[in-house]
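Visitor: Need coordinates for the below:
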Amino acid sequence: MIDACYTDALKAVADTNRLRLFWLLVHVDERICVAEAMDVLGETHYNVSRNLKILQKAGLVTAHKEGKWVFYTLNREGSPFQIKLLAAVKSIPEQELETEIRKCHLRLALRESGQCVVGPDSTEWADIIKRQGLSENGQA
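Guide: Model prediction:
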């Protein structure tokens, strides 16, 4: 019988939205909170939070609470299988999600002393997206 850790990890990245979220974490190599992921991916709080919890349950990310924010980071100390899965996701070409990377760098630049200080769907974020010619739902 196959251990559930393998199927949990594969199920976690089998969903397109979770794969985008995991891929984003792999490529920006920064911790990210739900509000930041919401703005970058154009997803709801419920969906981002649920997807991060599934990735966490699968052992692919870890969570760390700081004040009112929970930051998620890649689990680089996972099992050899999880590390290989991370490498496989990293091999997805960046041009597949170029807009998301750009938006993520813009969103992370709003941090102060490494902390998220802007909530989701803020007017500040909407102005930045508009000036950059990006849409809020992840499309260029």
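Visitor: Can you pull out the low-pLDDT segments for this protein?
Guide: 136-140 (pLDDT under 70).
Visitor: Give me the nearest residue to the residue positioned nearest the centre of it, chain neighbours excluded.
Guide: Taking CA atoms, centre = their mean, the centroid of the chain lies closest to L21, which sits 3.7 Å from it. Nearest non-adjacent residue to L21, counting by CB to CB, 6 or more residues apart in numbering: N51, 5.3 Å away. For the C-beta atoms, the positions are set from N, CA and C on the backbone; glycine is no exception.
Visitor: What residues does the one you found make contact with?
Guide: D15, N17, R18, L21, E43 (CB atoms under 8 Å, 6 or more residues apart in numbering).
Visitor: Please enumerate residues in contact with the stretch of helix or strand the third one belongs to?
Guide: In this structure, R18 is located in helix 16-28 according to DSSP states H and E. With contacts defined as CB under 8 Å, 6+ apart, helix 16-28 is touched by 12-13, 32, 37, 40-41, 43, 47-48, 51-52, 54-55, 60-61, 72-74, 86, 89-90, 92, 94, 96-97, 100-101, 104-105, 108.
Visitor: What segments of the chain are helices?
Guide: For the chain, the helices defined by DSSP state H occupy 4-14, 16-28, 34-41, 45-57, 80-90, 98-108, 123-132.
Visitor: hmm, who's touching the fifth one?
Guide: Residues from elsewhere that reach helix 80-90 (CB under 8 Å, 6+ apart): 5-6, 9-10, 13, 19, 22-23, 26-27, 58-60, 74-76, 78.
Visitor: again, only using 7 Å
Guide: Y6, A9, V13, F22, W23, V26, G59, L60, L74, N75 (CB atoms under 7 Å, 6 or more residues apart in numbering).
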